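Enquirer: Sequence first, then the predicted structure:
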Amino acid sequence: MSRQLVNKRGGINSSAKINFRLYVSFLVLAIFGFILWARVIWVQVFWGPSLARQARSQYVVKVKEQGYRGKILDRNGVVLAQSIRTYSVFARPKEIKHRYAVSKVLGKLLRQDYRVILKKLKKQTNFVWIKRNISDAVAERIRNKKIKGVYLVQEYARIYPQGHLLGQVLGFTNVDGKGLEGIEKSFDDFLRGKVKGEVVFRDARGRLVSFALRPKNLNGQDVQLSIDSNLQARAEEILARRVEQFRAKSGQLIVVKVKTGEILALANYPFFNPNIYFKTPAEYRKNRAALDLFEPGSTAKTFLIASALEAGVCRPDSIYFCEQGKWHLTKKITIEDTHKYGWLSVASILKYSSNIGAGKIALQLGKNRYFEFLKKLGFTRKVDLPLPGRAESLFQPLSKWGEVELVTAAFGQGWSTTGLHLIQAYLALADGGEFRPLRLVVGPEVKKSSGYRVFSKNTVQQVLKMLWSVVNEDGTGKMLKLTEINLGGKTGTAQKPDLVNGGYKKGSFVSSFMGIVPVDNPKYLIFMLINEPKGAHYGSVVAGPGVKTMALVLGILDNSIFKNKIKVGLNDQPPKVKIKFSPKIEVMPDCKGKSIRYALDRLVRAGVKPVFKGKGLFVIEQSIPAGTPLKKGTKVFLRLGEVK
């Protein structure tokens with residue numbers, strides 16, 4: 001050891017001791033610093049992503065804001081479909097420690113089996129729905145429990161204030177607000193509110209704080225239909241009576257405004273209430289007017305005769321021999337009439353609905369020209385309406401049409417169509433010979449389709465005169481004559497094809513009637529079809545009286561179609577005819593404490609327009625006191641909440 005480090009007694013100098021201690025201290029600090037830096041690197045590089053995810057799950061939440069789904073309105077602004085605010089409850093299972101206890105509490109509050117909830121809480125996910133669309137009262141009780149990992153969110157529930165009114169046309173939405181059928185499906189992108197997702201933060205108290213700028217409007221847009229809800233309600237009642245009277249399988253009733261082609265009423269029976277779509281058989285949800293195919297029967301003779309007149313094949317006074325009721329077209333095929341007619345003019349062939357006369361006119365016209373007119377009348381393409389699943393008319397290929405196929409097609413057998421196709425084709429006759437598509441939606445966003453001419457005005461006038469004679473002379477519709485309204489039209493009776501065994505079902509018919517009011521200056525078309533009536537089957541007996549009643553209802557709503565411009569009010573009855581409808585409520589009902597469904601049912605029948613404010617499923621306040629006299633069109637404001 002050197003002299004400087006060793007003293008005279010053989011020990012180490014004090015200065016050397018100090019240097020040694022400094023060295024050791026520096027070494028310890030260096031090791032400690034190395035450990036700290038290693039820890040930082042380990043945390044940042046290896047644990048960093050995992051810790052960040054945990055932090056986000058505790059302090060950062062992804063939420064979605066759903067805009068309000070647009071309303072569906074009738075032509076007068078009556079609400080047919082709307083959304084109301086409601087609550088839904090969801091959970092984040094990863095945040096819940098005592099899942100069994102939480103499931104028991106939620107099961108009791110929501111009146112659900114706790115085992116179903118527990119199964120959801122055991123999922124290895126950060127989000128599960130517990131229950132959608134709960135009441136405000138239940139939501140408040142859940143909120144008061146302050147269960148960690150269980151949350152409430154505001155959503156919208158779709159309701160249909162008019163119940164089954166226009167149900168098959170409106171369709172419905174699922175629990176997520178997506179349109180599944182009808183107008184709800186066709187205009188889903190238009191109606192549906194926008195969804196905005198954003199990241200929000202929890203503050204120290206667990207409250208959500210958002211720093212994002214929200215868009216001005218997330219709400220969907222309204223859709224306004226051409227339907228008149230008052231007329232629709234009466235159409236449904238008339239249709240139901242005819243179907244039930246003849247114990248039929250189903251029926252349809254369509255009313256169209258001639259000048260615009262707008263559908264004012266489109267009724268299907270059996271009815272369908274979209275508020276309870278999940279309890280309704282799929283068969284009841286069908287929009288039969290757009291989907292059900294049927295052979296048009298004698299209603300097609302109008303198109304045949306109009307086509308023959310337009311083509312110059314015949315004149316109204318041209319005569320044809322109708323074979324005394326039996327025409328042996330071939331050795332195996334015999335065409336029959338209901339009566340033994342001899343020589344008949346073209347006008348009489350339509351008036352008496354002679355199959356034989358129509359068949360002979362068709363042979364003169366030829367299959368190519370007849371089919372071309374049917375094509376121009378829209379039968380060979382889908383009806384251009386915003387309705388899902390519209391059916392196409394069904395024809396045999398024209399190359400397979402022989403004499404038999406042409407003759408039977410003349411009186412509406414061997415080809416099938418829908419109610420909407422048929423009334424659209426009659427619209428061309430009623431509107432001066434120009435074809436224009438039907439309309440179901442109104443508003444500036446709807447493009448108006450230009451029409452094209454099918455028949456000359458002279459042909460139209462000749463055919464309308466014949467349709468007048470069907471009802472007002474001794475034609476097949478003579479029992480439908482009205483003294484108040486100039487009703488014209490065409491009866492239709494067709495056997496139903498046997499799709500299994502071929503041929504036609506014995507005793508199975510489709511009865512229909514197409515009405516035009518007033519026939520000398522058409523303003524409205526009315527079509528009724530009754531499917532498989534029992535006890536009677538002629539169109540004039542089964543469907544015709546329904547059209548007759550509907551014509552009188554139109555006269556009450558539009559006094560101008562009465563012959564003598566009789567001044568009647570909305571609730572007055574035309575002379576010599578009895579039309580009974582459900583009694584209207586004349587005073588404001590007491591809706592406090594009642595459900596939305598109850599209030600809607602009562603107020604709609606009263607002819608007033610309910611406007612909802614607030615949230616909840618029950619009425620807690622009404623702007624018009626109970627017992628107050630009501631006027632049609634009055635608005636009543638209802639505040640929603642929960643009944644304690």
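Expert: Right, received. Where do you want to start? Remember, it's a predicted structure, so these values are computed and weren't measured experimentally.

Enquirer: Distance-wise, check the residue nearest to residue 280 when sequence neighbours are not counted relative to residue 250.
Expert: Computed as CB to CB, 6 or more residues apart in numbering, the closest residue to residue 280 that is not its neighbour in sequence is residue 272, at 5.8 Å. Backbone N, C-alpha and C define where each C-beta goes, glycine included. Separation of residue 272 from residue 250 (CB to CB, to the nearest Å): 11 Å.

Enquirer: Tell me which of the two has more neighbours.
Expert: The neighbour comparison of residue 272 against residue 250 (other CB atoms under 10 Å) goes to residue 272, with 27 against 18.

Enquirer: that older thread, hang on, the residue nearest to residue 280 packs against residue 285?
Expert: Yes - Residue 272 lies in contact with residue 285 (CB atoms under 8 Å); the separation is 5.2 Å.

Enquirer: any residues in contact with both of these two?
Expert: 167-168 (CB atoms under 8 Å, 6 or more residues apart in numbering).

Enquirer: And what about residue 631, helix, strand or coil?
Expert: In three-state terms, and counting by DSSP: H, G, I helix; E, B strand; the rest coil, residue 631 is coil.

Enquirer: Number of residues surrounding it?
Expert: Residues lying near residue 631 (other CB under 10 Å) number 9.

Enquirer: Who are the contact partners of it?
Expert: residue 608.

Enquirer: Tell me the spacing between it and residue 639.
Expert: Counting by CB to CB - residue 631 and residue 639 are separated by 22 Å.

Enquirer: Check residue 246 too.
Expert: Between residue 246 and residue 639 the computed distance is 46 Å (CB to CB).

Enquirer: Comparing those two, which shows the higher neighbour count?
Expert: Legend: neighbour count by other CB under 10 Å for residue 246 and residue 639, higher for residue 246 (21 against 15).

Enquirer: contacting residues around residue 337?
Expert: Counted by CB under 8 Å, 6+ apart, residue 337 has contacts 322, 325-326, 354-356.

Enquirer: and these as JSON lines, adding distance to residue 391?
Expert: Output for the contacts of residue 337, formatted as JSON lines (distance: CB to CB, whole Å):
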{"residue": "322", "distance to residue 391": "34"}
{"residue": "325", "distance to residue 391": "35"}
{"residue": "326", "distance to residue 391": "35"}
{"residue": "354", "distance to residue 391": "30"}
{"residue": "355", "distance to residue 391": "26"}
{"residue": "356", "distance to residue 391": "31"}
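
Enquirer: now, which of those sits nearest residue 218?
Expert: Set against residue 218, the nearest of the contacts of residue 337 by CB to CB is residue 355 (60.5 Å).

Enquirer: Give me the pLDDT for the closest one.
Expert: Each residue has a pLDDT score; the one for residue 355 is 96.

Enquirer: can you check residue 199 too?
Expert: At residue 199, pLDDT is 51.

Enquirer: What of the one 10 residues further on?
Expert: At residue 209, the pLDDT value in this model is 50.

Enquirer: next one: the one 5 residues further on
Expert: Listed pLDDT for residue 214 reads 47.

Enquirer: Could you break the chain into its assigned domains?
Expert: For the chain, automatic domain parsing gives the domain ranges 14-59, 67-224, 229-334+347-561, 596-641.

Enquirer: Out of those domains, flag the one nearest residue 588.
Expert: Taking CB to CB, domain 596-641 is the member of these nearest to residue 588, at 4.4 Å.

Enquirer: Just list the residues touching residue 486, thanks.
Expert: Residue 486 neighbours (CB under 8 Å, 6+ apart): 468, 472, 517-520, 561, 563.

Enquirer: what do you get if the cut-off is 10 Å, keeping everything else the same?
Expert: Taking CB atoms under 10 Å, 6 or more residues apart in numbering, we find residue 486 in contact with 468, 471-472, 516-522, 551, 561-563.

Enquirer: Tell me how far it lies from residue 467.
Expert: Applying CB to CB to residue 486 and residue 467 gives a distance of 11 Å.

Enquirer: between the two, what contacts are shared?
Expert: With CB under 10 Å, 6+ apart as the test, residue 486 and residue 467 both reach 516, 519, 522.

Enquirer: May I ask which of those has the most neighbours?
Expert: residue 516 (28 neighbours).

Enquirer: Extract the C-alpha trace of the helix or strand containing it and format it as PDB.
Expert: For residue 516, the host element (DSSP states H and E) is strand 504-517. Extracted in PDB, the C-alpha atoms of strand 504-517 (Å, rounded to 0.1, in the frame of the first residue of the first chain):
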ATOM      1  CA  TYR A 504    -109.600 -23.500 -61.700                       C
ATOM      2  CA  LYS A 505    -110.700 -24.200 -58.200                       C
ATOM      3  CA  LYS A 506    -114.400 -25.100 -58.000                       C
ATOM      4  CA  GLY A 507    -116.400 -22.600 -56.100                       C
ATOM      5  CA  SER A 508    -113.400 -20.300 -55.400                       C
ATOM      6  CA  PHE A 509    -113.800 -16.800 -56.800                       C
ATOM      7  CA  VAL A 510    -112.400 -13.300 -56.700                       C
ATOM      8  CA  SER A 511    -115.100 -10.600 -56.800                       C
ATOM      9  CA  SER A 512    -114.300  -7.000 -57.700                       C
ATOM     10  CA  PHE A 513    -115.700  -3.700 -58.900                       C
ATOM     11  CA  MET A 514    -114.000  -0.700 -60.400                       C
ATOM     12  CA  GLY A 515    -116.000   2.500 -59.800                       C
ATOM     13  CA  ILE A 516    -115.600   5.900 -61.400                       C
ATOM     14  CA  VAL A 517    -117.300   9.000 -59.800                       C
END
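
Enquirer: Now the element after that strand, going C-ward?
Expert: strand 524-531.

Enquirer: Which strands or helices does the following helix or strand past that following strand pack on?
Expert: Using DSSP H and E, the helix or strand that follows strand 524-531 in sequence is helix 539-542. When contacts are defined as 3 or more CB pairs under 10 Å, 6 or more residues apart in numbering; DSSP states H and E, helix 539-542 packs onto helix 229-245, strand 488-497, strand 504-517, strand 524-531.

Enquirer: among the ones you listed, which is nearest residue 611?
Expert: helix 229-245 (15.7 Å).

Enquirer: Next, the angle from the helix or strand just after that closest one to helix 229-245.
Expert: Beyond helix 229-245 in the direction of the C-terminus, DSSP H and E gives the next helix or strand as strand 250-257. Angle between the axes of strand 250-257 and helix 229-245 is 150 degrees (criterion: axes from the mean of the first three to the mean of the last three CA atoms, to 10 degrees).

Enquirer: ok now stretch 494-503, how far from the chain's centre?
Expert: Stretch 494-503 sits 31 Å away from the centroid of its parent chain (CA atoms, centre = their mean, to the nearest Å).

Enquirer: Give the buried residues for that stretch.
Expert: 494-497 (16 or more other CB atoms under 10 Å).

Enquirer: mind listing the helices for the stretch 251-400 of the chain?
Expert: 288-291, 301-311, 346-352, 355-365, 367-376 (DSSP state H, counting those that start in this stretch).

Enquirer: Now tabulate those in JSON lines and tack on mean neighbour count and distance to residue 455.
Expert: Shown next, in JSON lines, are the helices of the stretch 251-400 of the chain (neighbours: other CB atoms under 10 Å; distance: least, CB to CB, whole Å):
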{"stretch": "helix 288-291", "mean neighbour count": "23", "distance to residue 455": "24"}
{"stretch": "helix 301-311", "mean neighbour count": "24", "distance to residue 455": "5"}
{"stretch": "helix 346-352", "mean neighbour count": "24", "distance to residue 455": "15"}
{"stretch": "helix 355-365", "mean neighbour count": "24", "distance to residue 455": "14"}
{"stretch": "helix 367-376", "mean neighbour count": "18", "distance to residue 455": "9"}
